[in-house]
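Asks: give me a 3D structure for the following:
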Amino acid sequence: MTDQWGTVARESLFWWLAGALKFGPGALDEIGADAAGLGLERVLVVTDRQVVDAGVAGRAVDSLTAAGVEVQVYADVAIEPTDESCAAAHAATKDLDVDGIVAVGGGSVIDTAKAVDLLRTNGGALTDYVNAPVGAGRAPHAPLLPLIAAPTTAGSGSESSGVCVMDLTRLHLKSGISHRALRPVLSVVDPLTTLTLPREATVSSGLDVLSHVLESLTASRFDTRPRATGERPTYCGANPVSDPLCREALRLVARSFRKAVEDGADVAARTDMMLAATLTAIGSSTAGVHIPHACSYSVAAQVRDFRPPGFPPGRPFVPHGCAVAATLPATLRYVAPAVPDAQRAAAEALGAPDDLAAGVVELMRDIGGPRGLADFGYAAADVPSLAQGALQQQRLLAGAPRPVDADVLGRILTESLQNW
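Replies: Residues are numbered from 1 along each chain as shown. Alright, predicted model coming up:
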């Protein structure tokens, strides 16, 4: 879009589309009253076996039942969902008579619930809705059922976003569906649900928070982008709402991430990390993410035989937070010249005033994070393929504050093979 003088018109608006939120220890025990208050009478609870075994799903079911809400449960969600696992969840639940969905679990559960909701109400195949150029990028044509999300990890932010991410098995790609209709109508965030989270999952989900917050803070600003025409995109860039939320989240991460990893029963640390995840989810759901997330989609999709310790056995996969954080230090070094003020503010919040990237590496070492892509089995010979896969994530790369092409991605990925 150009102005009357023929120059590109810059955006003058930013937007915040976060849904309703309830936060605090014990919040999950009120989810039944919340569902009933939304007029729901029959809900599908989407969860996974680990959340069931931990007793967390049962808390939600008990609360719903006590409030007079009928419940049916689907508990076979796959870790790091695929298009096939989401389709299987839809096939198993499409004939159930429900008027709402309640997701109780981490990002994999919440994203699966979004996919089930979308297919149930709008039909078609997931690739019809996956972001272009990977999929057709079709917008939903019919309203979705109300979705309540109760996260059990302090990380993904899916409970506040309009994004659903999955592996596309046959394409060997990871991509997503992005539309405001996917955003849950209510997030019920209870830090007590994370007390039984294993150390490895605590590390991965916390690294996801760290990556989300730093990508949002260093994203190109909303008023430097071309003015949007038609329906506005999900992400608008760093803005006056996202910045303070993300800086406060980063301060909480600096204070409590190490503590939560060292002692999972530390309620104060778990609450800090859950609040950090919540603030980041709200901030990043408007500001957006960029290079590390684009690279993580390739890293996750092209993995060969890496099976992370501390997670249930099964197919090879890279935990999302680890896949994202592996390229975070190199990305921060690359974007630093374009966003010096944002980097200084982030470094101060993290307690690393001299060098933000170095501060991130120090934190990753302290909590036992991945040393780099080599930890997942990647080598220099894999970089061109990883770069090409990341290059397809133009929706994400558009948020970077510096130009990104295959050469830039190749350099970042090469640097990220070994961060220390």
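
Asks: where do the helices of the stretch 51-200 of the chain begin and end?
Replies: 56-66, 83-93, 107-122, 199-217 (DSSP state H, counting those that start in this stretch).

Asks: out of the ones you listed, deepest packed?
Replies: Comparing the helices of the stretch 51-200 of the chain by mean neighbour count (mean count of other C-beta atoms under 10 Å), helix 199-217 comes out on top with a mean of 27. (C-beta placed from N, C-alpha, C; glycine too.)

Asks: that one packs against which elements?
Replies: When contacts are defined as 3 or more C-beta pairs under 8 Å, 6 or more residues apart in numbering; DSSP states H and E, helix 199-217 packs onto helix 242-262, helix 267-287, helix 291-301, helix 320-325, helix 328-335, helix 340-350, helix 356-366.

Asks: show me what the fourth one is packed up against.
Replies: With contacts defined as 3+ C-beta pairs under 8 Å, 6+ apart, the secondary structure elements packing on helix 320-325 are helix 199-217, helix 291-301.

Asks: what's in contact with that helix?
Replies: 80, 107, 155-156, 165, 203-211, 292-293, 295-296, 299-300, 308, 360, 364, 369-370, 376 (C-beta atoms under 8 Å, 6 or more residues apart in numbering).

Asks: setting aside sequence neighbours, what's the nearest residue to the residue nearest to the spatial centre of the chain?
Replies: For the chain, residue 156 is the residue whose C-alpha lies nearest the centre (C-alpha atoms, centre = their mean; 3.6 Å). Leaving out its chain neighbours, the residue that sits closest to residue 156 by C-beta to C-beta, 6 or more residues apart in numbering is residue 107, at 2.8 Å.

Asks: is it true that residue 174 touches residue 303?
Replies: No: applying C-beta atoms under 8 Å as the test, residue 174 and residue 303 come out as separate, 10.1 Å apart.

Asks: between those two, who's got more neighbours?
Replies: Ranked by neighbour count (other C-beta atoms under 10 Å), residue 174 and residue 303 place residue 174 first, with 28 against 21.

Asks: so the more buried one versus residue 131, what's the distance?
Replies: Residue 174 sits 11 Å away from residue 131, going by C-beta to C-beta, to the nearest Å.

Asks: and residue 352, by the same measure?
Replies: Distance of residue 352 to residue 131, computed by C-beta to C-beta: 34 Å.

Asks: tell me how far the residue nearest to the centre of the chain lies from residue 281.
Replies: Computed as C-beta to C-beta, the residue 156 to residue 281 distance reads 8 Å.

Asks: ok, residue 169 next?
Replies: Taking C-beta to C-beta, one finds residue 169 at 27 Å from residue 281.

Asks: count the residues that sit near residue 185.
Replies: 16.

Asks: low-confidence ranges, the protein, go.
Replies: 1-7 (pLDDT under 70).

Asks: hmm, try it at 50
Replies: For the chain, the stretches with pLDDT under 50 are 3-5.

Asks: re earlier: so the residue nearest to residue 156 touches residue 158, yeah?
Replies: Yes: in terms of C-beta under 8 Å, residue 107 counts as a neighbour of residue 158; the distance is 4.5 Å.

Asks: what do these two both touch?
Replies: Taking C-beta under 8 Å, 6+ apart as the criterion, residue 107 and residue 158 both touch 151, 165.

Asks: buried stuff in stretch 8-15?
Replies: 11, 14 (16 or more other C-beta atoms under 10 Å).

Asks: contacting residues for residue 213?
Replies: Residue 213 makes contact with 246, 249, 250, 253, 276, 280, 283, 284, 346, according to C-beta under 8 Å, 6+ apart.

Asks: closest to residue 146 among these?
Replies: residue 284 (23.1 Å; C-beta to C-beta).

Asks: re earlier: tell me who's in contact with the residue nearest to residue 156.
Replies: Taking C-beta under 8 Å, 6+ apart, we find residue 107 in contact with 151, 153, 155, 156, 157, 158, 165, 205, 208, 320.

Asks: only C-alpha atoms, please: export stretch 189-201 in PDB.
Replies: C-alpha atoms of stretch 189-201 as PDB (Å, rounded to 0.1, in the frame of the first residue of the first chain):
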ATOM      1  CA  VAL A 189      -3.600 -21.200  34.400                       C
ATOM      2  CA  ASP A 190      -2.800 -23.000  37.600                       C
ATOM      3  CA  PRO A 191       0.900 -23.300  38.600                       C
ATOM      4  CA  LEU A 192       0.100 -26.300  40.700                       C
ATOM      5  CA  THR A 193      -0.400 -28.400  37.600                       C
ATOM      6  CA  THR A 194       3.400 -28.100  36.900                       C
ATOM      7  CA  LEU A 195       4.600 -29.500  40.200                       C
ATOM      8  CA  THR A 196       4.800 -33.000  38.800                       C
ATOM      9  CA  LEU A 197       6.400 -31.900  35.500                       C
ATOM     10  CA  PRO A 198       9.700 -33.900  35.000                       C
ATOM     11  CA  ARG A 199      13.000 -32.000  34.900                       C
ATOM     12  CA  GLU A 200      13.500 -32.400  31.200                       C
ATOM     13  CA  ALA A 201      10.000 -31.100  30.300                       C
END
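
Asks: surely residue 63 meets residue 30?
Replies: Yes: between residue 63 and residue 30 a contact is recorded at 6.7 Å, counting by C-beta under 8 Å.

Asks: next one: phi and psi at residue 43?
Replies: phi -120, psi 150 (degrees, to the nearest 10).

Asks: my guess is it contacts residue 98. True?
Replies: Yes: taking contacts as C-beta under 8 Å, residue 43 lies within contact range of residue 98: 5.6 Å.
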